[in-house]
Structure formats: structure tokens, C-alpha cells
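K.L.:
Mind folding the following:
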Amino acid sequence: MNKINTAEVINNSKFNRFHFGLLAWSFLIILFDGYDLVVYGTAVPVLIEEWGLSSVQAGAMSSYGLLGMMFGAIFFGILADKMGRKNVIAISLILFSLFTFLCGFASSPTTFSVYRFIAGLGLGGIMPNVIALLTDYAPTKMKSMAVSIVLCGYSFGGMLAPILGIFVMPKLGWESIFWFAGLPLLLLPFIYKFLPESSAHLIKKNKKQELLSVLRKVNPAQKMDESTEFFLQVQEENKVPVVGLFKNNRGLSTVMFWIAFFMCLLMVYGLNTWLPNLMIEAGYALNSSLAFLITLQGGAIVGTLIIGWLCDKYGSKKMLVPLYALGAVSLTLLGFGGSELFIYILVAIAGASTIGAQNLVQAYVSQYYPPNIRSTALGMASGIGRFGGMLGPLLGGFLLTAALPIHMNFIAFAIPGLIAAIALALVPIKRAYKPEAALVKEDETMKVAN
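P.N.:
Residues are numbered from 1 along each chain as shown. Now for the predicted structure:
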């Protein structure tokens, strides 16, 4: 009987139409994810004026969405390893698209906050599962690059929000930029049809015909037929997937990843929410301040692609540790001002080393853990990170209320970058999952029998 390790079939594949389709649909999903995350920061200056909000109240409204994201990342991350990534992606997309759309009809801060919380549940669940699915099917030589390309969709979506804020919001009001968030609902039938389910889940559920069909698209050169027995190496099965994150001496790595996520998301969401206001405080007009938000996302795109390519070539840890440190330096310098060109350059570097670094560390985590707990690993790290994400907008609100010198505000957001660099430096590379490094034993495999 012909036995095939699905991981080897996927890892040895060459980029083809299947991979392109997976990248394209994933990119589109993450684009709207990024749009929904940044759209509040675009509208918040107008909401503060229209609803008479204080900076602390506005920061709290942002944190309700991040609170939902924390629960969504943990719950949907664990759930996906049980019921499949594809189904959870569909559920998450419905939640974040529908309720962000409804934010455009909110008539009070309370209603708006409730909608943002529910939308946050979907936003929290979408990214870990899209990244895990990409890692499941990307060839070995471009796993980080594939995730990097797709996560650039987050930054494109983040740029789209302030662009619409500049051109559409003055004519149609702040509500209009939330209405655009409903577009993914129209695409859901196509997304569900073309996205594959993970090979680990297909093996676990004994869906051999579907697995065979997918693998033939992934690697047409591989000889497979009805008599082929598929298996996937796993190190152990756990009734509680979270427990697996601490087995095989992965405890230190898991905690350090959680700290890195916490610190980086504090910077990311703090800047996404408050960068326009911080730049207004520094003397720039609203449109100019929104342009800085666009530059932040543009820097993230360039940084993600360049560093993502380097991660595949030299290793993720070697690239990410200095990138986090660079973020801290750029944010510190940003607070001391300079020429407009210098400020734009610093904002772009900050985008690459905060949003870009967060994109790339997710690719790193997705490869660090075995496939059967991959969504759980990403979901838990993202969920813990959302605590930092919630703290970021609140921190910005308190800093602005305290009326500190502008450079102190930026330094406050720079310090977490140094902590993230230290945490990631402590992650032991030797504990990373290596499917090709060990012999596969019969009791260590998930398999589909004839």
C-alpha cells in the first residue's frame, strides 16, 4: 500500500494556480479585516466632536472592539482545530462584516460599542485561521513570504480606511465609511466554495476523497490514487489543545510569544487609533494627520514584504528581534519632530516595525507549532495580545488627557517595542516544529485508512 505524508506532499510542492487562488482569497479577507480594524481610528476625530466624547471615552470605545477580538481569537482559534479552519473563517467573516456595517447606523456611543464588540469577535477569529490555513498549504521555501503577502492586505485595508475618510466622509458623513465593511458578505459564497479545508482536519474527519482532490491541486506531480493512505505526523494529541502549547519544552517559547504579541499589539492599536490625534496635537491638520496613517500602513506593506523574504532566507527570529528594536527607536525620534520628509520616513519605519513586525511574528508562530495545534497557538497568542491591543487606545487616551509633552507620548509607545525584542530573543529556535526532522511512528500519526 502506498503511504504518503501529506506534509511532505505540501512542503515539496511548487507554487501553482491552487496557491495563487488561496493567496488571492486570503488577501481579500485580510484586506477587509484591516479596513475594519483601522476604520474606527479614521472616524474617531469626528465622533469625538459629534458625540462630545472625551479622549478616555473614545479610547474605551475602541477597546470594546479589542475586547471582542481577544475572546474571538482564543475561542475561534481553539474551535478551528476541532471543527475546521474553513467553517470558522466563514463564521468570523459574517460577524465582523455585518456588525462593522451596522456601526454606520449606530445613534449612540453605547450602541456603537456593542456593535464593535460583536464585530471584534469575528475580527479576532479571522486572522489566526487564515494564517494557519496558509501555513498548512504553502511550500516550505515560501511559507513566511506567503503569509507576508496576504498580511499586506491588512495594511492595504488600513490605507483604504483613511483614504475613504479623506474623500467620502466629508460628503456622506462618518457613517459611510462603516457601510463599506458589509461588502465581504456578498463574496462569502465564493470564498466558502474556493477555500480548502486544512489537510489535518480532513485526515481527522476521514474525508479521503476531499483530501485527495486538494492534494492533487497542491502538488500535481505527486502520484496518488484511491489506494493511497495519507498520514500527518503529529507529536501528540491533546484533549485540551492549549496544553499542547507547553509540551515538548515549548513553555518558555509560548510565554515569550505571548509577551511579544501583547507588546506589539499595544503599539499597533495605540498608533492606529491615536496617530491622527497625536499629529493634530503636534500641529498638523486633519487631512495631513490621516495621510500619516496612510504612510504608517504603506511602511508596513514594504516592511512586511522585504523582511518576509529575508525571514524565509535567514530565519524569522534573526529578522524580527532587530525589527522590534528599530520600531522603538523610530517612535522615540518621532516625538522630537523634524522636517516633514523626516517625519514621513519615521512614520513609514514605524509602520514596518510595528504592524509589519506583527504580521511576520504571526507567520513565525504558525510555523513554530505542529499543524494539529497551529490555530490554537495563533489564537491564544493573538488573544493574549489583544490585552495589549486594548491597553494601547486607553493608554493614548490617558496620555492625551494628561497633556504631557508630545515626545513623552511617543516614548510611551516605544518602550513596548524594546520589551517585545527581548521576549522574542529568548525564544529557543531548537524547539520549533520540524516535520522532516523525526521518523514517523505509527502511533504518532493521524491517518486516513482505506
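
K.L.:
Low-confidence ranges, this protein, go.
P.N.:
Scanning the chain with the threshold set as pLDDT under 70 gives 1, 232-241, 272, 276, 281-290, 435-450.

K.L.:
Tell me where the stretch 251-400 of the chain has helices.
P.N.:
251-281, 286-314, 316-334, 340-368, 374-402 (DSSP state H, counting those that start in this stretch).

K.L.:
Let's check: the centremost residue of the chain is which one?
P.N.:
Compute the mean C-alpha point of the chain, and by Cα atoms, centre = their mean the closest residue is Met127, 4.6 Å away.

K.L.:
I'd like the helices of the stretch 251-400 of the chain laid out as JSON lines, including mean neighbour count and distance to Arg216.
P.N.:
In short, each C-beta sits where N, CA and C put it, glycine included. Below are these laid out as JSON lines (neighbours: other Cβ atoms under 10 Å; distance: least, Cβ to Cβ, whole Å):
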{"stretch": "helix 251-281", "mean neighbour count": "24", "distance to Arg216": "35"}
{"stretch": "helix 286-314", "mean neighbour count": "21", "distance to Arg216": "26"}
{"stretch": "helix 316-334", "mean neighbour count": "22", "distance to Arg216": "31"}
{"stretch": "helix 340-368", "mean neighbour count": "25", "distance to Arg216": "24"}
{"stretch": "helix 374-402", "mean neighbour count": "25", "distance to Arg216": "23"}
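
K.L.:
Can you add distance to Tyr433 and give these back as a markdown table?
P.N.:
Output for the helices of the stretch 251-400 of the chain, formatted as a markdown table (distance: least, Cβ to Cβ, whole Å):
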| stretch | distance to Tyr433 |
| --- | --- |
| helix 251-281 | 11 |
| helix 286-314 | 16 |
| helix 316-334 | 13 |
| helix 340-368 | 6 |
| helix 374-402 | 9 |
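
K.L.:
And those: which comes nearest Leu151?
P.N.:
helix 340-368 (3.8 Å; Cβ to Cβ).

K.L.:
tell me which strands and helices that closest one is in contact with?
P.N.:
helix 109-137, helix 143-167, helix 251-281, helix 286-314, helix 316-334, helix 374-402, helix 406-425 (3 or more Cβ pairs under 8 Å, 6 or more residues apart in numbering; DSSP states H and E).

K.L.:
For Gly77, which of these is the nearest?
P.N.:
Nearest of these (Cβ to Cβ): helix 374-402, 1.3 Å.

K.L.:
Can I get stretch 411-418 as CSV, trimmed to CA atoms?
P.N.:
Taking C-alpha atoms only, stretch 411-418 is exported to CSV below (Å, rounded to 0.1, in the frame of the first residue of the first chain):
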residue,chain,number,x,y,z
ILE,A,411,8.2,57.3,24.1
ALA,A,412,5.4,55.6,26.0
PHE,A,413,4.6,53.7,22.8
ALA,A,414,8.2,52.9,22.0
ILE,A,415,9.1,51.1,25.3
PRO,A,416,6.9,48.1,24.4
GLY,A,417,8.9,47.6,21.3
LEU,A,418,12.1,47.0,23.3
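
K.L.:
buried residues in that stretch?
P.N.:
Going by neighbour count (16 or more other Cβ atoms under 10 Å), the buried part of stretch 411-418 is Ile411, Ala412, Phe413, Ala414, Pro416, Gly417, Leu418.

K.L.:
what do you get for stretch 152-171?
P.N.:
152-165, 169.

K.L.:
Farthest-apart pair in these, please.
P.N.:
Largest pairwise distance in the buried residues of stretch 152-171, by Cβ to Cβ, is 24.5 Å, between Cys152 and Met169.

K.L.:
re the thing from before, quick check: the farthest pair among the buried residues of stretch 411-418?
P.N.:
Every pair of the buried residues of stretch 411-418 checked by Cβ to Cβ; the farthest is Ala412 and Leu418, at 12.1 Å.
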